[in-house]
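Q: Dropping a prediction and its sequence here:
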Amino acid sequence: LCLGKRHLLSNRENRIAKEFRNLFRIPWTVFFYLYNLTLERKWYDPNRMDVTKRRCANLELLLLGMLHHIGHGATHAVIRTNTGISEEFHRRIFNGWVSDFATNMKEEFIFFPHTPEALYREVQRAYEQRGLPGCVGSIDCVHVGWDRCPASQRNLNKSKEKCPTLSFEVVSNHRRKVFALTCGHPGTRNDKHIARLDRAVQGLNPGGNWMSELSWSVMHENGMRKQFRGCYLISDGGYMRAIQLIFPLKGPSVSIHPHIGRKLRLLF
């Protein structure tokens with residue numbers, strides 16, 4: 001239905017365009033970008049022939065199957081009934097395409113703004129308006145279940161979730177744009193351990209990247225302004241006490257970072 005009415009998909013308010021986004025979780029323009037990207041990077045050759053001299057599966061159907069699998073959790077067996085392409089071929093193409101995309105495109109989509117002006121416009125201005133100057137994002141670890149974890153690694157990856165997991169540390173802004181993402185760590189590693197290995201956190205240490213040299217100021221109750229150097233991330237109480245990680249705090253305090261911690265407790 002959607003592929004037969006492409007001219008209607010460019011208008012996001014059209015019923016067909018809304019149906020497309022509901023089925024595949026992205027607008028048509030993003031799908032068209034992924035299709036052209038796959039051809040440009042030669043991740044799939046739509047003109048190749050199989051051993052019987054027949055043209056291989058349609059790339060558009062394969063991409064739609066991948067998006068339906070990611071967006072709705074549909075199994076490859078269910079997708080096969082919609083595309084007429086074998087379940088095993090869908091599985092192999094999905095694994096290969098996701099691997100190619102993650103390996104080659106990560107740096108193009110997951111990154112901090114490259115200039116102080118862009119950082120302030122995309123991140124710091126929103127936090128500053130909420131009384132959190134100097135903040136450049138939020139950080140936390142997410143556990144993803146590992147269904148087929150080898151028996152020899154179950155104890156290493158079995159965490160508080162009571163099942164084997166991989167832990168990924170994510171840094172994002174207030175609009176859920178991801179700025180940094182670690183590789184998968186064993187589920188038994190806690191947030192403190194992973195943070196010490198995270199390049200995004202290390203870059204905010206004194207002498208790290210350019211964000212560690214940015215200055216920001218706050219006004220004390222007596223009306224005097226005080227300058228600070230180095231940006232920080234919002235975290236939860238599972239992280240270590242560090243100048244680049246601030247989490248909600250309770251009780252009285254005299255320094256500026258606990259003061260911001262109390263502000264976080266009121267906001268979140």
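A: In hand now; what should we look at? Residues are numbered from 1 along each chain as shown.
Q: where do the strands sit along the stretch 101-250 of the chain?
A: Taking DSSP state E, counting those that start in this stretch as the criterion, the stretch 101-250 of the chain contains strands spanning 135-145, 165-172, 178-181, 185-186, 215-219, 225-229, 232-234, 245-246.
Q: highest average neighbour count across those?
A: strand 232-234 (a mean of 24; mean count of other Cβ atoms under 10 Å). C-beta coordinates here come from the backbone N, C-alpha and C atoms, glycine included.
Q: neighbouring strands for it, and are they parallel or not?
A: Within its sheet, and counting by DSSP bridges, strand 232-234 is paired with strand 135-145 (parallel), strand 245-246 (parallel).
Q: coming back round to it: in TSV, list the strands of the stretch 101-250 of the chain along with mean pLDDT.
A: Converted to TSV, the strands of the stretch 101-250 of the chain look like this (pLDDT from 0 to 100):
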stretch	mean pLDDT
strand 135-145	92
strand 165-172	94
strand 178-181	94
strand 185-186	93
strand 215-219	84
strand 225-229	86
strand 232-234	92
strand 245-246	87
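Q: Can you get me a residue count around the residue nearest to L119 when sequence neighbours are not counted?
A: Leaving aside its sequence neighbours, L119 sits nearest to P113 (Cβ to Cβ, 6 or more residues apart in numbering; 4.3 Å). P113 is flanked by 18 other residues according to other Cβ atoms under 10 Å.
Q: returning to that earlier point: how about the strands of the stretch 101-250 of the chain in TSV, adding distance to F31?
A: Compiled in TSV, these are given as follows (distance: least, Cβ to Cβ, whole Å):
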stretch	distance to F31
strand 135-145	25
strand 165-172	24
strand 178-181	20
strand 185-186	32
strand 215-219	41
strand 225-229	44
strand 232-234	33
strand 245-246	38
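Q: Which among those strands is found nearest to G203?
A: Across the strands of the stretch 101-250 of the chain, G203 has its closest neighbour in strand 178-181 (8.7 Å, Cβ to Cβ).
Q: ok, back up a step: could you check the strands of the stretch 101-250 of the chain and tell me which one is nearest A102?
A: With Cβ to Cβ as the criterion, A102 lies closest to strand 178-181 of the strands of the stretch 101-250 of the chain, at 9.8 Å.
Q: Quick check, T165 in contact with D147.
A: No: the pair T165 / D147 is not scored as a contact, 10.2 Å apart, by Cβ atoms under 8 Å.
Q: so how far is D45 from the residue of the chain most remote from its centre?
A: Taking Cα atoms, centre = their mean, the residue of the chain most remote from its mean C-alpha position is T52, at 41.6 Å. Relative to D45, T52 is positioned 17 Å away (Cβ to Cβ, to the nearest Å).
Q: Next: N209.
A: 40 Å.
Q: okay, these two: which has more neighbours?
A: Ranked by neighbour count (other Cβ under 10 Å), N209 and D45 place N209 first, with 14 against 11.
Q: what's the closest residue to that one other than its chain neighbours in contact with, if anything?
A: Excluding its sequence neighbours, the residue lying closest to N209 (Cβ to Cβ, 6+ apart) is G203, at 3.9 Å. Each residue near G203 by Cβ atoms under 8 Å, 6 or more residues apart in numbering is listed here: 209, 211-212.
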